[in-house]
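Engineer: no sequence on this one, just coordinates:
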């Protein structure tokens, strides 16, 4: 099955303007922009035919070309990464079997997260949309709870049924974690990893579906699929001891640099 990875990147982020061009310092490879490190994460994935950076901004295009990235320019009409991916499919000139959206703020994404997602969609061709989830360890969960306590919108959590079909995604920590309950009796909380696998048909349906109340309230693009009745398969991945965090707010920059140093 043909597979491409799209890395959508938007300059005009409401929470962090210019985020794709922010420099991130690694342990031994100096400063690289966020979009550069996210592209490197995409290029490390096995079994992929091509990687494209999607943007409507000439500054991001110039940065991508400077490190050898292939760019598909999209219009400014796209309101989120999924809409940008849907627009880019029509510019490819062919329909890949699987389109992966590895968002441009996820430089710590291990290659096997994406590989496991692709394998799940290759095994079950009925899956129209899939996304990885990672069970929160104590450190990650404490980080989520601390962000919410401080009024920050950080990572996203996922709630699934017994068949790993998504029930809901939220910027709140779900399910509820009672602070007075012993840790061994607390419910499992799953970190939604900001990656999606789509079939071309699902992307085109997404463009015709209206933005629903839940998508608007949470600011989470994937909820449009659920509100339109399109199921999302959650693929549980193993962190293998690697810390995972997205660059959502300026405060996350130090977290990510510290994780890179520990690696």
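Structural biologist: Done, it's in. Note that the structure is predicted; figures quoted are calculated from it, not measured.
Engineer: which residues in the stretch 151-263 of the chain form strands?
Structural biologist: 156-160, 166-170, 190-192, 195-198, 233-236 (DSSP state E, counting those that start in this stretch).
Engineer: For this protein, which segments count as helices?
Structural biologist: With helices called from DSSP state H, the chain shows them at 34-43, 58-66, 81-92, 111-123, 138-149, 200-208, 213-218, 223-227, 252-262.
Engineer: Pick the most buried one from those.
Structural biologist: Counting by mean count of other CB atoms under 10 Å, helix 34-43 has the highest mean neighbour count of the helices of the chain, with a mean of 23. To be clear about C-beta, it is placed using only N, CA and C from the backbone, and glycine gets the same treatment.
Engineer: Point out the other helices and strands that that helix packs with.
Structural biologist: strand 3-8, strand 50-55, helix 58-66, strand 98-102 (3 or more CB pairs under 8 Å, 6 or more residues apart in numbering; DSSP states H and E).
Engineer: Contacts made by it with the rest, please.
Structural biologist: Applying CB atoms under 8 Å, 6 or more residues apart in numbering, the contact partners of helix 34-43 are 5, 7, 9, 19-22, 24, 26, 32, 48, 51, 53, 60, 63-64, 67, 69, 102-111, 114, 247.
Engineer: Pull out the buried residues from the residues you listed.
Structural biologist: Buried members of these, scored by 16 or more other CB atoms under 10 Å, are 5, 7, 9, 19-22, 24, 32, 48, 51, 53, 60, 63-64, 69, 102-110, 114, 247.
Engineer: distance from the centroid: which residue in the chain tops it?
Structural biologist: Distance from the C-alpha centroid of the chain, by CA atoms, centre = their mean, peaks at residue 180 (31.9 Å).
Engineer: Thought residue 169 was touching residue 222, still the case?
Structural biologist: Yes: between residue 222 and residue 169 a contact is recorded at 5.8 Å, counting by CB atoms under 8 Å.
Engineer: Turn the helices and strands packed on helix 34-43 into a markdown table, columns for distance to residue 126 and mean pLDDT.
Structural biologist: Formatted as a markdown table, those follow (distance: least, CB to CB, whole Å; pLDDT from 0 to 100):
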| stretch | distance to residue 126 | mean pLDDT |
| --- | --- | --- |
| strand 3-8 | 17 | 97 |
| strand 50-55 | 25 | 97 |
| helix 58-66 | 34 | 97 |
| strand 98-102 | 13 | 98 |
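Engineer: Turn the ones you listed into JSON lines, including distance to residue 227.
Structural biologist: JSON lines is the format used below for these (distance: least, CB to CB, whole Å):
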{"stretch": "strand 3-8", "distance to residue 227": "21"}
{"stretch": "strand 50-55", "distance to residue 227": "24"}
{"stretch": "helix 58-66", "distance to residue 227": "30"}
{"stretch": "strand 98-102", "distance to residue 227": "18"}
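Engineer: quick one: which of these is nearest residue 228?
Structural biologist: Of all these, it is strand 98-102 that lies closest to residue 228, at 17.1 Å by CB to CB.
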